[in-house]
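In: whatever this is, show me its structure:
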Amino acid sequence: MKKSILTVSASLVLSVTATHVFAQTQDTTKKTTTTTTTTSVQADDVVGALNSNPDYTKAAAAVKAAGLEASLKTGGPYTIFAPNNNAFNKLPAGRLDSLMKDPAKLATILKGHIVTGHYNKAEIIKALTAGKGKATLTTLDGQVLTLSISPNKTLQLTNAAGRTAEVTLYDLIGANGIVNGITDVLIPANATPASSNGMPE
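Out: Model (predicted):
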């Protein structure tokens, strides 16, 4: 009798455990599917992806002020190497304000941070591996961005003017592109005359 009760109890425990594990697997599958969908289309477009992170509000405002928002919401795919808020804070006093009032000049600078194509972290690593530590991308304004590994072992971007920035954030995903965050604004050589400290006035 005891043996029968033990057998029934064991069967019951196994049955409950199996059901629980199966439920977890089902839940995990559901969560994974949801997460994948959400990650693939985290925002309606690359501008929405840029707006999704509070550290990039100045970049988002600059894209809007430059009149690039409508273009970036359609077409693509685009990859934006977006300067974070601190990067804009490094500009000389009043520089960002004056740029926000000059859409053409601001657009020229921002186009030097945008490339056509989909370059998430995995794809960048693949490009660097193929290029033996270096890769080049062409920006919307036809400039060359060189990707390499910095002395800090991070991804470094260098524009045609020799200005550099490090990538500190990867893969903010929108339906038509990717946003990767960088530490500095890559001012092109022809944007404005340089001051004595090498920064544009």
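In: give the burial count for residue 119, as a bare number.
Out: Residue 119: 24 surrounding residues under other Cβ atoms under 10 Å. In this view, the C-beta of every residue, glycine as well, is placed from N, C-alpha and C.
In: measure it to residue 112 for me?
Out: Using Cβ to Cβ, to the nearest Å, one obtains 15 Å as the distance from residue 119 to residue 112.
In: separation between residue 166 and residue 65?
Out: Distance of residue 166 to residue 65, given as Cβ to Cβ: 25 Å.
In: when those two are compared, which one has more neighbours?
Out: Ranked by neighbour count (other Cβ under 10 Å), residue 166 and residue 65 place residue 65 first, with 18 against 15.
In: just the endpoints, please. Distance across stretch 111-129?
Out: Start-to-end span of stretch 111-129 (Cα to Cα, to the nearest Å) is 26 Å.
In: got phi/psi on the residue lying closest to residue 44 once chain neighbours are set aside?
Out: Closest residue to residue 44 in three dimensions, ignoring its sequence neighbours and counting by Cβ to Cβ, 6 or more residues apart in numbering: residue 175, at 5.7 Å. Here is the backbone geometry of residue 175 (degrees, to the nearest 10): phi -60, psi -30.
In: give the contact list for residue 175.
Out: 41, 43-46 (Cβ atoms under 8 Å, 6 or more residues apart in numbering).
In: now do the helices in this structure.
Out: All helices of the chain, identified by DSSP state H, fall at 2-40, 46-51, 57-65, 69-73, 85-89, 95-100, 103-111, 121-130.
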